[in-house]
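Colleague: Curious how this folds, go ahead:
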Amino acid sequence: MAELEILKVPDERLKRASEPVLLFDQALRDFIDDLEETRQAGPGAVGIAAPQVGWFQCIIIIDLSNTRKPVPNHGRMVLINPEIIHWEGYEMGREGCLSVPDYTGNVIRATRVSVKAQDPAGGELEYEMEGFEARALQHELDHLDGMLFIDRVVSRRTDLFRRKVYRKGGKRKG
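Modeller: Model prediction:
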């Protein structure tokens, strides 16, 4: 396994749409292992999408099992070719991203979603999600379409915030 390099704004490749996965082979599973290692290395990352590391196929990983907002959640999910088939409600919430390390922002998302996808062997999956898990899914799905959360903030003046950076010892940096 290997930690992969995260593409960061303003890298134009982040705006590229991804293609469906057609071949479910060992190379795909090896890439998923590397993508998971990269997610785990990110500070507090609950999700990652393949385009964030320059692999333009429809692959996302979400894992809320170790967060403070885990209820309800499905644990670690590897979703290939995911697609929202139903959504309802909406809510504003704060989001951050490994590809936008210096900012967080308020984004409106559906509160409940139904998603269908495939697992790494090509088997069919279907999940009902709500709350933070639904938000994380929608955030990662945007990456597959070449969108970032900063593309969805209503106002960059009032809904985009510079992320605080801390040094060891808890003192503010910069």
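Colleague: CA atoms for contacts and neighbours, from now on please.
Modeller: Noted.
Colleague: Would you tell me what the next helix or strand after the longest helix along the chain is?
Modeller: Looking across the chain with DSSP state H, the single longest helix is helix 26-41. Of the helices and strands lying after helix 26-41 in sequence (DSSP states H and E), the nearest is strand 47-49.
Colleague: if I pick the nearest residue to L160 once chain neighbours are set aside, what's in contact with it?
Modeller: Once flanking residues are discounted, L160 sits nearest to G105: 4.3 Å by Cα to Cα, 6 or more residues apart in numbering. By Cα atoms under 8 Å, 6 or more residues apart in numbering, the residues touching G105 are G93, R94, E95, G96, F149, I150, V153, D159, L160, F161.
Colleague: Give me the residue ranges of this protein where confidence is low.
Modeller: Filtered on pLDDT under 70, the chain yields the residue ranges 69-71, 165-174.
Colleague: What ranges does it have for its helices?
Modeller: With DSSP H as the criterion, the chain has helices spanning 26-41, 131-144.
Colleague: Distance from the chain centre to the shortest one, please.
Modeller: Its chain's C-alpha centre lies 6 Å from the corresponding centre of helix 131-144 when counted by Cα atoms, centre = their mean, to the nearest Å.
Colleague: For it, output the C-alpha coordinates as PDB.
Modeller: Provided in PDB are the C-alpha atoms of helix 131-144 (Å, rounded to 0.1, in the frame of the first residue of the first chain):
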ATOM      1  CA  GLY A 131     -27.500  13.400   8.600                       C
ATOM      2  CA  PHE A 132     -23.700  13.600   8.500                       C
ATOM      3  CA  GLU A 133     -23.300  10.400   6.600                       C
ATOM      4  CA  ALA A 134     -25.600  11.700   3.800                       C
ATOM      5  CA  ARG A 135     -23.600  14.900   3.800                       C
ATOM      6  CA  ALA A 136     -20.300  13.100   3.500                       C
ATOM      7  CA  LEU A 137     -21.700  11.000   0.600                       C
ATOM      8  CA  GLN A 138     -22.900  14.000  -1.300                       C
ATOM      9  CA  HIS A 139     -19.600  15.800  -0.800                       C
ATOM     10  CA  GLU A 140     -17.600  12.800  -2.200                       C
ATOM     11  CA  LEU A 141     -20.100  12.400  -5.100                       C
ATOM     12  CA  ASP A 142     -19.400  16.000  -6.100                       C
ATOM     13  CA  HIS A 143     -15.700  15.100  -6.600                       C
ATOM     14  CA  LEU A 144     -16.800  12.500  -9.200                       C
END
